[in-house]
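1. I would like the atomic coordinates for the input below:
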Amino acid sequence: MRILVIGKGGREHAIIWALKKSASIAHIYCAPGNAGIAELAECVPIKESEFQQIAQFALDYAIDLVVVGPDDPLADGIVDVLEERGVPVFGPRKNAAIIEGSKVFTKDLLKKYNIPTAAYESFEDYDAAIAYVRRQGAPIVIKADGLAAGKGVIVAQTLEEAEQALKEIMVDKVFGKSGSQVVIEEFLQGQEMSILSFVDGDVVRPMVPSQDHKQVFDGDKGPNTGGMGTYSPLPHIAQSVIDEAIETIIKPTAEAMVKEGRPFRGVLFAGLMITKDGPKTIEFNARFGDPETQVVLSLLETDLIDIFLATINGRLKDMDIRWSDESAVCVILASGGYPGSYPKGIPIHGLDEVQESVVFHAGTALKDGQVVTDGGRVLGVTARGATIEEARAKAYADAERIRFEGMQYRKDIALKALL
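-> Numbering: from 1, shown residues only. From the prediction side, this is the model:
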């Protein structure tokens, strides 16, 4: 088989790494890819947004399956475009990808079908939003309606922070049209949990759960990022709680999308909060998470291409999907200044010194034969071990072997599982 993966981040590197294990795949292309992906696949200079060029490439090169990684192309309808041209593709159509593309849509869907989530109101008018926040007080959560590269959610601890967030989103338009509407939610307390599932309509096959670390600094301090590290499984969270989340949130949501005429096919990512009242929905994404993919696919034992094909061909319910009983930890190495402004083009050293981890490239490029930084989140150092503690020790030992000017990373990834 000939596969084309769309994207250029750590998620796509992990997908390609997993696909490379399959004996049935002859060649993998990636558009546009990065420096690490180029070691495993043939990178082609087509942007994720160039749908017609992607479709034509797939036809010209007899691609058997296109796998879409990022959120923006899915929300903008890349699957519809490819299907119209007869190209097999793994990912949800535009009318289903709205579950990530519009937080207002998702909150209204959850409310309609009585699926547990935080209390909320949505606003298009800035003055009305400000008045509501002042009535509710803080802490409170402000969300831009549309996609914002994982940074459109502000957990405001004070009224001043909430008002500043509304101004930046709705007035200053820091997220562009994604901020034309906002969702304002009650603040939920508890532990976060991510459950990714392969989904085909009302058929849901959950993956091993994981836990991300969104804030940039240790102790969950500082602004939100796209994710600073993750681990799986979650030994400190009871299986009964995980099962409850699947039965009361994920499966009902998949069924609701079918009832709404928006059947979901692909990877449905549930961001959850385990509260004193049980699991509640924080958000849904319409694709593999980043960096959750790095640890989850590290633990997958079934051939990934077989799962992709079963999902799009209506055979997912018959798949025997197997997972390792080991643990995996991913530590993100980020550019100095991230998630604010940061430099690019800084040489990365020590990649050849890594001993026990797989280093997934997120924001890298090749410049004169040297791997350099090319994004905020640069690398995801990912290790497996018999326990979380063992995997964590391996990942951090290898993280310390990598060096680039301004490099920052959290030192407390996965500690919640060890307390």
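2. got the buried residues for the helix or strand hosting L59?
-> Counting by DSSP states H and E, the element that carries L59 is helix 51-60. Under the neighbour-count criterion of 16 or more other CB atoms under 10 Å, helix 51-60 has F51, I54, A55, F57, A58 buried. C-beta coordinates here come from the backbone N, C-alpha and C atoms, glycine included.
3. could these be laid out in JSON lines, adding pLDDT and distance to E405?
-> Shown next, in JSON lines, are these (pLDDT from 0 to 100; distance: CB to CB, whole Å):
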{"residue": "F51", "pLDDT": "98", "distance to E405": "37"}
{"residue": "I54", "pLDDT": "98", "distance to E405": "35"}
{"residue": "A55", "pLDDT": "98", "distance to E405": "40"}
{"residue": "F57", "pLDDT": "98", "distance to E405": "36"}
{"residue": "A58", "pLDDT": "98", "distance to E405": "39"}
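4. Name the nearest of the residues you listed relative to R135.
-> Of all these, the one with the least separation from R135 (CB to CB) is F51, at 43.7 Å.
5. For the next helix or strand after the helix holding L59, which strands pair with it and how are they oriented?
-> Remark: after helix 51-60, the chain's next helix or strand is strand 65-68, criterion DSSP H and E. The pairing partners recorded for strand 65-68 under DSSP bridges are strand 2-7 (parallel), strand 89-90 (parallel).
6. In terms of residue numbering, what are the domains of this structure?
-> 2-91, 125-180, 191-318, 327-417 (automatic domain parsing).
7. and these, which one is worst for confidence?
-> Ranked by mean pLDDT, the domains of the chain end with domain 125-180 at the bottom, a mean of 90.
8. Between the two ends of that one, how far is it?
-> Terminal residues of domain 125-180 lie 9 Å apart, using CA to CA, to the nearest Å.
9. Is A334 bridged to anything, and to what?
-> Beta bridges link A334 to R377, Q408, judged by DSSP bridges.
10. How about the contacts made by it?
-> Going by CB atoms under 8 Å, 6 or more residues apart in numbering, A334 touches V216, T225, M228, Y342, G376, R377, V378, M407, Q408, Y409.
11. Could you dump the buried residues of helix 51-60 into CSV with distance to V87 added?
-> Output for the buried residues of helix 51-60, formatted as CSV (distance: CB to CB, whole Å):
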residue, distance to V87
F51, 10
I54, 8
A55, 6
F57, 10
A58, 5
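12. which one of the residues you listed is nearest A165?
-> F51 (32.8 Å).
13. just to revisit the earlier point, could you dump the contacts of A334 to JSON lines with neighbour count and distance to P88?
-> Putting those into JSON lines (neighbours: other CB atoms under 10 Å; distance: CB to CB, whole Å) gives the following:
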{"residue": "V216", "neighbour count": "21", "distance to P88": "39"}
{"residue": "T225", "neighbour count": "23", "distance to P88": "34"}
{"residue": "M228", "neighbour count": "30", "distance to P88": "35"}
{"residue": "Y342", "neighbour count": "19", "distance to P88": "38"}
{"residue": "G376", "neighbour count": "23", "distance to P88": "33"}
{"residue": "R377", "neighbour count": "27", "distance to P88": "30"}
{"residue": "V378", "neighbour count": "31", "distance to P88": "33"}
{"residue": "M407", "neighbour count": "18", "distance to P88": "40"}
{"residue": "Q408", "neighbour count": "16", "distance to P88": "41"}
{"residue": "Y409", "neighbour count": "21", "distance to P88": "38"}
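14. Show me which of those residues is closest to G69.
-> R377 (14.2 Å).
15. Would you agree that closest one is in contact with I332?
-> Yes. Counting by CB atoms under 8 Å, R377 touches I332, with 5.2 Å between them.
16. Pull up the overlap in contacts between these two.
-> Common neighbours of R377 and I332 (CB under 8 Å, 6+ apart) are G10, G227, M228, P291, A362.
17. Select from these every entry located in helices.
-> G10 (DSSP state H).
18. most neighbours, which of the shared contacts of R377 and I332?
-> For these, neighbours were counted using other CB atoms under 10 Å, and G10 has the most, 32 neighbours in all.
19. Surely that one is in contact with E292?
-> No. G10 lies out of contact with E292 (CB under 8 Å); the separation is 10.2 Å.
20. Quick test: name the residue nearest the centre of this protein.
-> Closest residue to the average C-alpha location of the chain: G289 at 1.9 Å, with CA atoms, centre = their mean.
21. Give the helix, strand or coil label for the closest residue to it other than its chain neighbours.
-> Spatial nearest neighbour of G289, excluding adjacent residues (CB to CB, 6 or more residues apart in numbering): F269 at 5.0 Å. What DSSP: H, G, I helix; E, B strand; the rest coil gives for F269 is strand.
22. Would you mind pulling up the elements that the helix or strand containing L379 packs against?
-> Assigning secondary structure by DSSP H and E places L379 in strand 377-385. Other elements packing on strand 377-385 under the criterion 3 or more CB pairs under 8 Å, 6 or more residues apart in numbering; DSSP states H and E are helix 10-19, helix 292-296, strand 327-334, strand 358-361, helix 388-399.
23. what's the following helix or strand after the second one?
-> Going back to what we said before, that points to helix 292-296. Past helix 292-296, the next helix or strand by DSSP H and E is helix 304-312.
24. Then the shortest one?
-> Proceeding N to C from strand 358-361, the next assigned helix or strand is strand 364-367, under DSSP H and E.
25. Which one, of the strands paired with strand 65-68, ends up nearest to T253?
-> When the strands paired with strand 65-68 are compared by CB to CB, strand 89-90 sits nearest T253, at 19.5 Å.
26. what does the closest one contact?
-> Strand 89-90 is contacted from outside by L65, V66, V67, V68, I78, V79, L82, E83, G266, F308, T311, I312, using CB under 8 Å, 6+ apart.
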